[in-house]
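> A structural model of the following input is requested.
(chains A, B and C)
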Amino acid sequence: MSQIVIASGLGSGRVVFLAKGSKTGAVAWGGLIEVSEVAADDARAAELLAIAEADAATQNEVVEPYLIDVEDKGGQLRPTKYREVIRCLGPTVREDLGKQAEGTSA
Amino acid sequence: MYRYDEHDHALVQDRVTQFRRQVERRMAGEISEEQFRPLRLMNGLYLQLHAYMLRVAIPYGTLDSRQMRKLAYISRRYDKGYGHFTTRQNIQYNWPKLEETPDILAELAEVEMHAIQTSGNCIRNVTSDQYAGAAKGEIEDPRIWCEIARQWSTLHPEFSFLPRKFKIAITGCDNDRAAVKVHDIGMIMKRDASGEVGFEVIVGGGLGRTPFVGKTIREFLPKEHFLSYLEAILRVYNQLGRRDNKYKARIKVTLHETGKEEFTRLVEEEWMQIKDSTLKLPKEEVDRIAKHFEPPAFKAVPEVAPTVDARAASDAGFASWLRHNIFEHKTQGYSIANISVKPMGEAPGDATAEQMDAMADLADEFSFSELRVTHSQNVVLPHVEREALPALYDKLVEAGLATANLGLLSDIICCPGLDYCALANARSIPIAMKIAERFTPAKQEEIGDLQIKISGCINACGHHHVGHIGILGVDRKGEEHYQVQLGGSATEEAALGKILGRGFSADEVVEVVDKIIATYLDIREDGEEFIETFRRVGQTPFKERVYGTA
Amino acid sequence: MALLERREDGAAEIEDRFTRLGDEDALPGSGGVLVSFSRFSAEREALLARDGDLGVWLDSNESPTELADDLDRLAVVACNFPAFNDGRAFSYARLLRERLGFKGEVRAIGEVMLEQIAFMVRSGFSTFELKDLKELDEFKRVCDEVRVVYQPTGDGRQTALQRRLGS
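From the prediction side, this is the model:
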């Protein structure tokens, strides 16, 4: 199962994704799921999480990074758990709020 | 209502300065997230699914128009134009930024508001009867004591790192509208044999994973010992409450595991040591606070209001609003007016900035500038002249705030659920909306008093355990799934609902509610309310209809 | 690790004149020692008899009422915070000061967070083991940051109520 790292911006509290090409010392976080670095296996996923956690602990940019399962849905990355889909989109009862209103993110 | 003096102001302002400093330290990396988390929680700032969430305290649910306007302003300036009224009489904002939170707190401090201790393992907002100071049959305004408890509990040096959160509710009426029996400490004001006013003290109520109805540990506590007794209970809990297991850390478990007799003995033993100490409140201070809760300058008006009767006779909408949303006031010629924050198609308890401003204006015009927030997530104008009710109604209609559904099916208590909350397992708001949509206003009238309460997880912020119909959302193999309970009640006849049987999908659950109600309508006798029918016949007829089995 | 002592105008770093002994460590011939409550219970006579000041540290599940009879022979009672959010010791410190009348040093050890200092001082702690204090000034700032207190404790600080009543 493919995985990505998701976290919350420290200042904004908004959902952010560990971006492609991130490595220790050169970590980037993006606001849309499309930018995510995708891990194809558990070993790589663990690596990405470690990079993210180190970044969270030292850079004061994000908090609470964790891994989520994702799948390819018609060329789009999408979380497999509905909780994470809601995190990536916004409240289902307010389609005018959240990332779904700012430009899709799942 | 209570007005800050210079000391109250100073504390709240200093707290803002302190939090600003703590945020700066955090942003600069001087303190870790682990160290910062309890600090931000003690200022009511959570990290949720989409953003931070700020829970602002509305002490014992009382606020004035100036404060309501500030809440509206904050929602516009720092949030997304709305706020959510909660089951503890607070308001939540779902989209603040950490960096702006000190500014929000500074704005609140200007109008004597704050977010102190609305989260964290400390003493939370002391809640009360939303009709306090207005309802008939009240022994004394409980908010005097809520304010005394509020000050005593604010930044209490000994009780800021309790085993778990601590919730206190106080009512001044036998009719308990404050759900005191499902609080960590619930107090009911009463008179003893000599007519002296004091408190029945109930400990260990609570919902969540292990729900309990509270136990009376002291039948009568004289007023002068109010604080020392609270301190004794908290000191015993702070030392004895479990710290090894988050799910067993509330005082309800401590009381259960220790046993009521032994727990009471420990409290009384501690209390003996401190009851005549510095915690005894001088009459002067009680009087000072009580003065703030004196009734407003009511006019001498007759009870009979011809405009009301005439309007009710000719306007069915007004008549319905009168029937459901208006409650009897203790003062002749006045009424208590409920504003439903449960309009069709909206999340229960959510109000827009425009609606908040409208409510503030209406409070100024009709209710001595005073409002209340209820634990059912509605708002109250507590002191409205009966003659003014038609005019108030018309303005509420204009503002989209005239839904005549207080206590009816669509007056649902509902937590934010998985649409917002990081703790949730399932969504709750869409379920509430679907249920409300399913029944026309006429049908809801026919059904009568019915309290549906929905929680998106076992933490039970939606109070599902004490709903006539309670719904709990769970995660079952990666799908949202809903358990239905029947027969709960949060009143003085507090009871925990019983699960009906196996759970349902989101699509099925509305059908289930329909069947439950159909059953009730079939078998009710003599104008019985839902809960009365349930108490008479039990679960069986409902189970049979829902599951098609005996 | 700094050991700080509360002073009128903030705090001062002080030398620890107590050696913290493990339960199996040999007793030094002289000098102050700080031992666990279980060691104190087991070796009470020997510890009280020896030459040098004696201190006992309590873990978060050990109430100071257990030491009531011996407090006048102890120079320091330390309360451990195994985690900063284990707040039992706030009650213990108050009991030590206000119930048991202890006048010696009450020390906060373990996971002591700077942001809790004001509560600790109010509860009766007089010394603090702080792991990463950057400046001494921070201690004073944290203590004085909130000018008003509502609750009476043993710290003698004037409460809002006392100010209102002009006492």
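> can stretch B:15-26 be found next to chain A?
Yes - Stretch B:15-26 lies within reach of chain A by CB under 8 Å from any CB of the partner chain, at B:Arg26. For glycine as for every other residue, the C-beta is placed from the backbone atoms N, C-alpha and C.
> Identify each buried residue in that stretch, please.
B:15-16, B:18-19, B:21-23, B:25-26 (16 or more other CB atoms under 10 Å in any protein chain shown).
> any idea how far chain A is from B:Asn238?
Applying CB to the nearest CB, to the nearest Å, the value for B:Asn238 to chain A is 29 Å.
> Go ahead and confirm that residue touches C:Arg88.
Yes - between B:Asn238 and C:Arg88 there is a contact under CB atoms under 8 Å: 6.3 Å.
> A helix includes C:Arg107, no?
No - using DSSP: H, G, I helix; E, B strand; the rest coil, the secondary structure at C:Arg107 is strand, not a helix.
> Figure out how far stretch B:535-545 is from the centre of its chain.
Relative to the mean C-alpha coordinate of its chain, stretch B:535-545 is positioned 29 Å out (CA atoms, centre = their mean, to the nearest Å).
> and what of stretch B:511-523?
28 Å.
> what is the mean pLDDT for it?
Per-residue pLDDT values across stretch B:511-523 average out to 97.
> Report the buried residues of it.
B:512-513, B:515-517, B:519-520.
> Return the member of those nearest to chain A.
B:Val513 (18.5 Å; CB to the nearest CB).
> now C:Gly110: how far from C:Met1?
Using CB to CB, to the nearest Å, C:Gly110 is found at 11 Å from C:Met1.
> Looking at the two, which is more packed in?
Taking other CB atoms under 10 Å in any protein chain shown, C:Gly110 and C:Met1 do not tie; C:Gly110 has more neighbours (18 against 10).
> quick one: that one and C:Leu130 touch, right?
No - at 10.9 Å, C:Gly110 and C:Leu130 do not qualify as touching, with contact defined as CB under 8 Å.
> Pull up the overlap in contacts between these two.
Jointly contacting C:Gly110 and C:Leu130 under the rule CB atoms under 8 Å, 6 or more residues apart in numbering or on different chains is no residue at all.
> Show the model's pLDDT score for B:Ala550.
For B:Ala550, pLDDT reads 52.
> right, and the helix or strand after the lowest-mean-pLDDT helix or strand in chain C?
Across the helices and strands of chain C, mean confidence by mean pLDDT, DSSP states H and E is lowest for helix C:136-144: a mean of 88. Downstream of helix C:136-144, the next assigned helix or strand under DSSP states H and E is helix C:160-165.
> how deep is the residue of chain C at minimum distance from chain A tucked in, by neighbour count?
Using CB to the nearest CB, the closest approach of chain C to chain A is made by C:Asp132 at 14.7 Å. Look at C:Asp132: counted by other CB under 10 Å, it has 9 neighbours.
> For it, which three-state class applies?
coil.
> Out of the buried residues of stretch B:15-26, which is nearest to chain A?
Nearest to chain A, judged by CB to the nearest CB, of these is B:Arg26 at 7.4 Å.
> For B:Arg55, see how far away that closest one is.
In this view, B:Arg26 and B:Arg55 are 19 Å apart by CB to CB.
> So which other helices or strands are in contact with the top helix by length along chain A?
Secondary structure of chain A per DSSP state H: the longest helix is helix A:42-59. Contact here means 3 or more CB pairs under 8 Å, 6 or more residues apart in numbering or on different chains; DSSP states H and E; on that basis helix A:42-59 packs against strand A:2-9, strand A:15-18, strand A:62-73.
> What residue, apart from its backbone neighbours, is nearest the residue of the stretch 201-350 of chain B found nearest chain C spatially?
Residue nearest to chain C within the stretch 201-350 of chain B (CB to the nearest CB): B:Thr278, separated by 4.0 Å. Nearest residue to B:Thr278, sequence neighbours excluded (CB to CB, 6 or more residues apart in numbering or on different chains): C:Pro152, at 4.0 Å.
> ok, the one you found - how many residues close by?
19.
> how much space is there between the nearest residue to B:Ser32 once chain neighbours are set aside and B:Gly29?
Distance criterion CB to CB, 6+ apart; nearest residue to B:Ser32, sequence neighbours excluded, is A:Ala57 at 7.1 Å. Relative to B:Gly29, A:Ala57 is positioned 9 Å away (CB to CB).
> for B:Ala404, same thing?
54 Å.
> what's the answer for A:Leu77, then?
In terms of CB to CB, A:Leu77 sits 31 Å off from B:Gly29.
> Compare those two and say which one has the larger neighbour count.
A:Leu77 (20 against 14).
> is it true that B:His84 lies in a helix?
No - per three-state DSSP, B:His84 lies outside any helix segment and is strand.
> B:Cys414 is in contact with that one, correct?
No - using CB under 8 Å, B:His84 is not in contact with B:Cys414; the gap is 10.1 Å.
> Find the residues that touch each one of those two.
Counting by CB under 8 Å, 6+ apart, the residues touching both B:His84 and B:Cys414 are B:347, B:349, B:377.
> From those residues, pick the one nearest B:Met189.
Closest approach to B:Met189 among the shared contacts of B:His84 and B:Cys414 (CB to CB): B:Gln377, at 24.6 Å.
> what does chain A have sitting close to chain B?
Going by CB under 8 Å from any CB, the residues of chain A near chain B are A:8, A:10-15, A:56-60, A:63-64, A:81-83, A:86-87, A:90-94, A:97-99.
> Recalculate using a threshold of 10 Å.
A:8-15, A:56-64, A:80-84, A:86-94, A:96-99, A:101 (CB under 10 Å from any CB of the partner chain).
> So which residue is smack in the middle of chain B?
B:His375 (2.5 Å; CA atoms, centre = their mean).
> hang on, isn't that one packed against B:Phe85?
Yes - with contact defined as CB atoms under 10 Å, B:His375 counts as touching B:Phe85 (9.3 Å).
> Show me where chain B dips below the pLDDT cut-off.
Along chain B, segments meeting pLDDT under 70 span B:550.
> Domain boundaries for it, per the record?
B:6-110, B:134-290, B:306-398, B:413-547 (automatic domain parsing).
> Please give me every residue in contact with the residue of chain A positioned farthest from its centre.
In chain A, the residue that sits farthest from the middle, by CA atoms, centre = their mean, is A:Val93; the gap is 22.0 Å. When contacts are counted by CB atoms under 10 Å, 6 or more residues apart in numbering or on different chains, A:Val93 touches B:345-347, B:350, B:416-417, B:419-420, B:427-430, B:432-433.
> again with B:Glu270
Per CB under 10 Å, 6+ apart, neighbours of B:Glu270: B:228-229, B:231-236, B:239, C:91, C:95, C:99.
> burial count for A:Thr80?
With other CB under 10 Å as criterion, A:Thr80 counts 15.
> what do you get for the one 3 residues further on?
A:Arg83 sits with 19 neighbouring residues when counted by other CB under 10 Å.
> Quick check, it in contact with A:Tyr66.
No - with contacts defined as CB under 10 Å, A:Arg83 does not count as touching A:Tyr66, sitting 11.5 Å away.
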